[in-house]
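J.: I'll drop the sequence and a predicted model, then ask my questions.
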Amino acid sequence: MSDIVVANNNALSLPERQKIERSLSRLSKLATLLDDQFEIPILKKRIGLDPIIGLIPAGGDWISWTVSTYIIWEALRLKVPLRVLFGIGKNITTDFLVGYIPGVGDFMDILLKANKRSVDLLLNHFEATPITIEHESVKIPETAIAKPTSSALIRYPVGVSLIIFFGIMALVPITLTYFLLQMWGAI
């Protein structure tokens, strides 16, 4: 028996692995900031800036949405498969639609943690593990392989379509409010 180990042609190169680790670390920090940064002492429940920003009238949910779409953009750059993109899209859509319900949306932000769930999808895809409690850095196994993804001809139009879809969702309530105010003679 020979002790020869055949190198895996699909293995991620060191620069590729480091690029992915840096990106996942950034996204992990962002998700922690938005969903888990602070602890409510009595309840022992963690919240982030997302539900706090959501309290800003006529724009808080837009700010959260903009930050959440950055996660989709990074996922596109990392060439993740469509199932991961759609999972991230589902999380952000749910968060965005529920966020429009006054009061309830901010409470649901605390429970849903859409950004954290989206980043967890990315971490699971790359089999990455956070190496600090604060998720300041992420490590991908040295044996990680480049998993086959969908073609860029499919992935990018789908990702851009998701971002446009979120933009349209964001404009609908503003447009309806404008027309209602115009109808009532307030404008």
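T.: Now that the structure is in, tell me what you want to look at. This is a predicted model, so every value here is computed, not measured.

J.: Quick check, Lys139 in contact with Glu127.
T.: No: contact criterion CB atoms under 8 Å: Lys139 and Glu127 do not qualify, at 9.9 Å. In short, each C-beta sits where N, CA and C put it, glycine included.

J.: name the helices or strands packed onto the helix or strand hosting Thr175?
T.: Here Thr175, judged by DSSP states H and E, is contained in helix 152-183. Applying 3 or more CB pairs under 8 Å, 6 or more residues apart in numbering; DSSP states H and E, we find helix 152-183 packed against helix 60-77, helix 82-99.

J.: What is the distance between the next helix or strand along the chain from the last one and the centre of its chain?
T.: Sequence order places helix 104-112 as the next helix or strand after helix 82-99, per DSSP H and E. Offset of helix 104-112 from its chain centre (CA atoms, centre = their mean, to the nearest Å): 16 Å.

J.: Kindly export helix 104-112 (C-alpha atoms) in CSV.
T.: Only the C-alpha atoms of helix 104-112 are listed here, as CSV (Å, rounded to 0.1, in the frame of the first residue of the first chain):
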residue,chain,number,x,y,z
VAL,A,104,-45.1,44.5,15.4
GLY,A,105,-42.4,44.8,12.8
ASP,A,106,-39.8,46.0,15.3
PHE,A,107,-40.7,43.3,17.7
MET,A,108,-40.5,40.7,14.9
ASP,A,109,-37.0,42.0,14.0
ILE,A,110,-35.9,40.9,17.5
LEU,A,111,-37.3,37.4,16.9
LEU,A,112,-36.5,36.8,13.2
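
J.: Kindly calculate the angle that it makes with helix 60-77.
T.: Going by axes from the mean of the first three to the mean of the last three CA atoms, to 10 degrees, helix 104-112 is angled at 40 degrees with respect to helix 60-77.

J.: let's have the chain start at 59 instead
T.: Sounds good: first residue 59 from here, last item helix 162-170.

J.: What are the buried residues along helix 162-170?
T.: Gly163, Asp164, Met166, Asp167, Ile168, Leu170 (16 or more other CB atoms under 10 Å).

J.: of those, closest to Leu72?
T.: Leu170 (36.4 Å; CB to CB).

J.: Contacts only, for the closest one.
T.: By CB atoms under 8 Å, 6 or more residues apart in numbering, the contact set of Leu170 is Asn149, Thr152, Asp153, Val156.
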